[in-house]
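> build me a model from this:
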Amino acid sequence: MRCILIFDQLSDILYTKYDRKFLKHLKKLATQQGLIREGKDEDEISPNIIIQIFSPIVASQRIMGCQFGNSYTSIQCQDGTNMVFDEYMGYLFVHIGLKNVTWLKRMLGICITVVKHLCGPDVSILKSNKNRAALLSRLLDTWTLLQDTDQAVLVEAVEQLMVNVDLSSATLRTLQEATEKLKTCPDFSKLHTMILVENKFLSLYSSRNAQDLSPHDIIFLSLLCEAHYMMPSGTRPSEATESDSSEEFYSPAGSPRDSPHHTKKQLATSLTVSVDMFDGSCEQDVLNTQLVLLTGGCSVYTPHIVHITSVEDGVYLLFIIETHGASVASGLCEAFGAINELQNVQLQRDIDELRHSFDNLDSSIKKILEGYKKLRSSKHEIEISYKKLTSKWDFLRKKYIEYIKTQDSECILRIESSTASFIDVLKEMLQLTCWDTSLMHQGKELLLTVANHVKQKLSHFSEFLKVKALRNFTLGSRASLTINKYLEEFPGLVHFLYIDRTNHRITAPGLDFSSEETITLTKKKIWSMVDFSRAHLQEGHLAIMWKDTTFNYAYFLWFEDASGAPLKPKSFQPSALKSLPVPGVLCGDFYKNLMELSFPKTSPSKIRCFELYCIHLGLATSSCVLEHSRRLAATIWEVTGLPNNPLDIL
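The predicted structure follows:
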């Protein structure tokens, strides 16, 4: 039983996603409370009924958060039902299910992250734009599947597809040619071209002035590709109605019994599509277009147009183009955050905090106005929106300054009555600049021409890439003497995960999902090992070893400087880790925060962080496991090729 709900500031429902068990349970509660007639059989339940059932807990959460600054993080019920809560821009996110609180929190964090990419600071888009809501559901389903079948997604890292130097160079040259051709179009001056193969990163080429893509962005774009790939090939929007999907979670009943590639494809056929998940498509899905926000390694999301085309089944070519709306995006995102903070502070009547929040809002509005001057757009609607924003902000700014000086309650009343219309103007400007869907169709013919050129160039080895993605690097492989020779140095080693947390790049042997033994034993042990290690990492344990009746396990997290010399972290109380996000990247970069906590006086750019998970046979001694772990960490570059292999290959 699982459900995700999103409530706005007025406790109205913006988005619901639940499975049939939850629907059945909710109908039972509604019947007991006299909200629906007994025996009425429906595939959906009215949002008004959901609001009535959840209004007490939502109201309580709002009061605890706004007035006391001590909102709930989770509630555990006697019947095993757990509820977790989180907020973003004043919108309340709730996840309910029978799984443990840690898993529910991570899933809710993933939901918020995807919402940031699809909606930015204006979550209300989910209510007015059915395509966005449907795509959110699709991406959550995709992540649920991948985190159960893909170890790179499990640890939220990027897996590099290992190919020889000649093939890597040929791919990069092809992407460079594509980028140069696209740059002839003025609208494509800032872009990336990228190849992903079965959720693995192959190659990326970026124009000189393009904003960098962060590992976070790469993982999200991979998720976007997989969401499209899993769409049933015969399904079209005209063939399905909104009620067909019934907002059913996709939850794998058990471990896959085939390769991840085939498993995803087969399981996808059980999923129905209610609407076109992608806002734009052309020529029978040759090119699928989506307007999203990407982070670029910083906290501010920037609008990008992503064009996805399939070179071969499971081999994707992506064109990622930064839009002109980027000039105001930073200010808009900061303005929404500042106004939300101001509204909370106003309830508490804290003048010092209010003054600080007001300064943040004032600064963000200045960014918007400066960005507007750089915005290359002749649209009359944007000019009107700009004038309205300037006018309304002048009024609000004067009232805030007056209140800070006099603390006159009349000023607060005037502010509160004017805030809603001010936020509406911010939303309007966000829609006109960052979510300008007309940009999605620019240069369509050129994009298709370049995409076809890349397909022709890659056609000679695309089949090889697909096969390589399934067996990227395996402990039992005899295909590569180099890897074989390397692994023979570690007798008793069953599996390992090595992650460079500086760029979130993972190196790990692949798992053979066609093997019953892998499914019933090894996979279960690996997933359990990661969960166990994360739980202890959140308690401040950076190195642990343990064993069961079958295997020995080891987990290490350590730091190095730029020269590779080890760094000893500063001692801190384990309670300090409670303020950090869950270990991973998508819900917030846990490792970057950990580095700042461990080395408060050192720039994060001068520190490198690494993780290593190892599984050995149970007969291996602790000293053997420790010695293997040290040697593996020191020599893993023999497998990866280069000690440093950045994502943004130029």
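> how close does residue 455 get to residue 399?
Between residue 455 and residue 399 the computed distance is 59 Å (CB to CB, to the nearest Å). From N, CA and C alone the C-beta is placed, and that goes for glycine too.
> all helices for the stretch 501-650 of the chain, in order.
516-517, 524-537, 590-598, 622-635, 637-640 (DSSP state H, counting those that start in this stretch).
> which helix or strand in this structure has the lowest average pLDDT?
Of the helices and strands making up the chain, the lowest-confidence element is helix 242-245, at a mean of 36, by mean pLDDT, DSSP states H and E.
> wait, isn't residue 215 in contact with residue 157?
Yes: using CB atoms under 8 Å, residue 215 makes contact with residue 157 at a distance of 7.3 Å.
> list residues touching both of these two?
Residues touching both residue 215 and residue 157 (CB atoms under 8 Å, 6 or more residues apart in numbering) are 504-505, 585.
> what's the closest of those residues to residue 302?
Within these, proximity to residue 302 (CB to CB) peaks at residue 585, which comes in at 17.9 Å.
> run through the residues that contact the residue nearest to residue 312 when sequence neighbours are not counted.
Leaving aside its sequence neighbours, residue 312 sits nearest to residue 462 (CB to CB, 6 or more residues apart in numbering; 4.2 Å). For residue 462, the contact set (CB under 8 Å, 6+ apart) comprises 311-312, 315.
> and residue 496, what helix or strand is that in?
strand 493-500 (DSSP states H and E).
> average pLDDT across that strand?
On average, the pLDDT along strand 493-500 is 91.
> and what of stretch 197-208?
The average pLDDT within stretch 197-208 is 90.
> show me how far it is from its chain's centre.
17 Å (CA atoms, centre = their mean, to the nearest Å).
> what comes up buried for that stretch?
For stretch 197-208, the neighbour count (16 or more other CB atoms under 10 Å) marks 197-207 as buried.
> which of the residues you listed fall within strands?
Cross-referencing the buried residues of stretch 197-208 against strands under DSSP state E gives 197, 200-206.
> is residue 306 in a helix, a strand, or coil?
Look at residue 306: counting by DSSP: H, G, I helix; E, B strand; the rest coil, its state is strand.
> what's around the nearest residue to residue 153 once chain neighbours are set aside, how many residues?
Take residue 153 and drop its neighbours on the chain: the residue closest to it by CB to CB, 6+ apart is residue 146, 4.2 Å away. Neighbourhood size, residue 146 [other CB atoms under 10 Å]: 22.
> tell me the bridge partners for the spatially closest residue to residue 500 that is not a sequence neighbour.
Using CB to CB, 6+ apart and skipping residues adjacent in sequence, the residue nearest residue 500 is residue 610, 5.9 Å away. Taking DSSP bridges as the rule, residue 610 bridges to residue 500, residue 558.
> please shift the residue numbers so they start at 621 in all later answers.
OK, 621 is where the count begins now, so the last one is residue 1230.
> how much space between residue 1230 and residue 1123?
Distance from residue 1230 to residue 1123, by CB to CB: 11 Å.
> pull the distance from stretch 911-930 to the chain's centre.
For stretch 911-930, the distance to the chain centre is 11 Å (CA atoms, centre = their mean).
> got the end-to-end distance for it?
18 Å (CA to CA, to the nearest Å).
> next: stretch 628-635.
Stretch 628-635: ends 10 Å apart by CA to CA.
> re earlier: list the contacts for the residue nearest to residue 1120?
Contact analysis of residue 1230 by CB under 8 Å, 6+ apart lists 1118-1122, 1176-1180, 1253.
> give me the buried subset of the residues you listed.
1118-1122, 1176-1179, 1253.
> residue 808: which of those residues is nearest?
Among the buried ones among the contacts of residue 1230, and counting by CB to CB, the member closest to residue 808 is residue 1122, at 30.3 Å.
> residues touching the closest residue to the closest one other than its chain neighbours, list them.
Nearest in space to residue 1122, with sequence neighbours left out and distances taken as CB to CB, 6+ apart, is residue 1228 at 4.6 Å. Contacts for residue 1228 (CB under 8 Å, 6+ apart) come out as 1120-1122, 1179-1182.
> could you list which of the contacts of residue 1082 belong to strands?
Per DSSP E, these map to strands at 931-932, 935.
> and the longest helix along the chain, what's buried?
Counting by DSSP state H, the longest helix found in the chain is helix 1000-1026. With burial defined by 16+ other CB under 10 Å, the residues of helix 1000-1026 counted as buried are 1002, 1005-1006, 1008-1009, 1012-1013, 1016, 1019-1020, 1023.
> about what we covered before: want to try a markdown table for the ones in strands among the buried residues of stretch 817-828, with distance to residue 792 as columns?
Putting these into a markdown table (distance: CB to CB, whole Å) gives the following:
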| residue | distance to residue 792 |
| --- | --- |
| 817 | 14 |
| 820 | 16 |
| 821 | 13 |
| 822 | 9 |
| 823 | 5 |
| 824 | 8 |
| 825 | 6 |
| 826 | 11 |
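> who touches the strand or helix carrying residue 1039?
Using DSSP H and E, the element containing residue 1039 is helix 1029-1053. Residues outside helix 1029-1053 that contact it (CB under 8 Å, 6+ apart): 740-742, 744, 923, 945, 948-949, 952, 955-956, 959, 963, 966, 988, 995, 997, 999, 1001-1002, 1005-1006, 1008-1009, 1012-1013, 1015-1016, 1019-1020, 1022-1023.
> okay, angle between that helix and helix 1000-1026 too, please.
160 degrees (axes from the mean of the first three to the mean of the last three CA atoms, to 10 degrees).
> pLDDT at the residue of the chain most remote from its centre, what is it?
Distance from the C-alpha centroid of the chain peaks at residue 1026, with 44.4 Å (CA atoms, centre = their mean). pLDDT, residue 1026: 86.
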